[in-house]
Structure formats: C-alpha cells, structure tokens
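> okay, here's the prediction I keep looking at, along with the sequence it came from:
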Amino acid sequence: MEKNLDENEDQNLSDQPKQDDDDFEKQENSSDLEDQSHDEEQKGKRIEAKLNEAYGKQDDLQNKYLRVHADLENLKKRAIKEREDAVQRTRSQLISDLLPIIDAFQMGLTEATKHEGASEIVEGFAMAMKQMHSTLDSYGLIVLEPEKDEFDPKFHEAINYEVNNDLEEGTVVKTIRSGYRLGDKLLRPASVILSKLEAEK
C-alpha cells in the first residue's frame with residue numbers, strides 16, 4: 001500500500017514539471033506572438049511614415065513644377081508682347097518718316113493734274129500712290145480725310161474756319177493735309193477747315 005502511494009506521488013511529481021514546462025512554453029509562445037505583432041505594427045507605422053513623406057515630397061515637387069511652368073509661360077508671353085511692341089514701334093517710326101514723302105507725292109500729283117499735257121504723268125503718279133497706299137494699308141495704316149464729319153480733337157487739327165450755312169457749326173468742310181493712324185496710335189492729326197455759321201447782320 002505504501003509502495004503504491006509512493007508510486008503515485010512520484011507520478012504526480014514527475015507530471016508537475018511537465019505541466020510547468022507546457023505552461024512556460026505557452027507563455028513564451030504568447031509572448032513571441034505579442035512581440036511579433038508589436039514588430040509588425042511598428043514596421044507598418046514606419047512604412048506609413050515613409051509613404052507620407054514620399055507623398056509630401058511628390059506634392060512639393062509638383063507645386064514647384066507648376067510654379068516653374070507658370071513662370072515659363074509668363075516669360076514666353078512677355079517675350080512675345082515685347083517683340084510685338086518692338087515691331088509696332090519700328091513700323092510706326094518708319095511710316096512716320098514716310099509721311100512727308102507721301103505728302104510730296106500727293107502735292108506733285110495735284111500740280112500735275114493742272115497741266116493738260118501731263119495726263120501720262122498723272123496716271124503714273126496715281127498708280128504709284130495707289131500701290132504705296134495699298135502696301136501701307138496692309139500694315140494697318142488708316143488715312144484720315146474727314147470731310148463732312150464732326151470735328152474730333154483727338155484726330156483732327158483745326159487750322160481755319162469757313163462760313164457754311166449748309167453744315168452744322170464745327171463740321172469739317174475740307175481736309176488740308178491728310179492725317180494718319182496706325183492701329184490705335186495717331187501718327188499725325190488731319191489738318192482741317194471747320195464750318196461756321198454766318199454772323200447775323
């Protein structure tokens with residue numbers, strides 16, 4: 001009987017360390033799982049932080065690209081505008097220098113029409129004048145000859161008055177010298193004579 005008790009105690013004692021080992025192993029496995037889960041969580045956070053940093057850099061680069069692109073577009077537009085302005089200034093200066101020559105041609109043509117035997121000369125002058133005006137028109141030159149128009153101080157220069165009861169006072173009766181406009185820019189005002197009503201006696 002005692003022998004059986006001793007054997008049972010030995011059995012219980014031998015089973016006890018085995019159970020402790022199992023518990024310890026379970027705890028160790030649980031701890032390993034927690035550590036592994038923690039490591040994965042940390043790794044996930046690090047990856048997320050790197051992704052956010054990469055996205056932030058991408059946004060920054062995109063903003064810089066957009067700013068540089070806008071600056072280039074503005075620079076291109078400014079260069080085109082400056083080039084157009086330079087062309088317009090040169091054209092304006094050149095045509096302004098030609099105006100006295102056009103006046104001289106016009107005076108020569110007017111004088112030539114007074115002579116009966118100069119019809120061929122008049123015809124040649126008229127053709128040359130027409131061709132010159134056609135060329136200058138293609139560059140945007142507008143001739144101001146405002147007969148019967150209302151006087152406009154922006155484009156006309158009154159040099160005299162003439163009594164004319166058929167027209168309203170201040171109407172252009174005659175253009176003495178043609179004016180010229182290039183686009184919106186006035187190169188020379190038209191020199192005109194204005195109408196005035198006859199004074200009552």
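Arrived safely, thanks for sending. Note that the structure is predicted; figures quoted are calculated from it, not measured.
> helix, strand or coil: sort out the residue nearest to the spatial centre of the chain for me.
Nearest residue to the geometric centre of the chain (C-alpha atoms, centre = their mean): residue 77, 5.1 Å. When classified by DSSP: H, G, I helix; E, B strand; the rest coil, residue 77 comes out as helix.
> how close does it get to residue 71?
Distance of residue 77 to residue 71, given as C-beta to C-beta, to the nearest Å: 11 Å. Yep, even glycine has a C-beta here, placed from its N, CA and C like the rest.
> the chain: strands as residue ranges?
Remark: strands assigned in the chain by DSSP state E are 141-144, 156-163, 172-177, 179-182, 185-188, 190-196.
> could I get those as TSV with mean pLDDT, distance to residue 92 and mean neighbour count?
Below are the strands of the chain laid out as TSV (pLDDT from 0 to 100; distance: least, C-beta to C-beta, whole Å; neighbours: other C-beta atoms under 10 Å):
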stretch	mean pLDDT	distance to residue 92	mean neighbour count
strand 141-144	92	10	18
strand 156-163	92	19	13
strand 172-177	92	19	17
strand 179-182	94	5	19
strand 185-188	93	6	16
strand 190-196	93	17	20
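> can I get these in TSV including distance to residue 129?
Output for the strands of the chain, formatted as TSV (distance: least, C-beta to C-beta, whole Å):
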stretch	distance to residue 129
strand 141-144	11
strand 156-163	23
strand 172-177	15
strand 179-182	14
strand 185-188	17
strand 190-196	17
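> closest one to residue 58 among the ones you listed?
Ranking the strands of the chain by proximity to residue 58 (C-beta to C-beta) places strand 185-188 first, at 50.1 Å.
> and the contacts of that closest one?
Applying C-beta atoms under 8 Å, 6 or more residues apart in numbering, the external contacts of strand 185-188 come out as 88, 92, 95, 96, 99, 141, 154, 155, 179, 180, 181.
> got the buried residues for stretch 108-128?
109, 112, 122, 125 (16 or more other C-beta atoms under 10 Å).
> so the first one sits against residue 129, correct?
Yes - the pair residue 109 / residue 129 is scored as a contact, 6.3 Å apart, by C-beta atoms under 8 Å.
> would you map the helices across the chain?
Ranges of helices in the chain, per DSSP state H, are 2-112, 119-138.
> any idea which of those helices is most buried?
helix 119-138 (a mean of 13; mean count of other C-beta atoms under 10 Å).
> quick one: list the elements packing against that one.
Where contact means 3 or more C-beta pairs under 8 Å, 6 or more residues apart in numbering; DSSP states H and E, helix 119-138 is packed against helix 2-112.
> quick one: average confidence on the helix it packs on?
Here helix 2-112 scores 75 as its mean pLDDT.
> and residue 54, what does it touch?
Taking C-beta under 8 Å, 6+ apart, one finds nothing in contact with residue 54.
> ok, now residue 175?
Contacts of residue 175 (C-beta under 8 Å, 6+ apart): 144, 145, 146, 147, 190, 191, 192.
> quick one: which of the residues you listed is nearest residue 84?
residue 144 (24.1 Å).
> ok, now which ones touch that closest one?
Residue 144 touches 155, 156, 175, 178, 179, 180, 181, 189, 190, counting by C-beta under 8 Å, 6+ apart.
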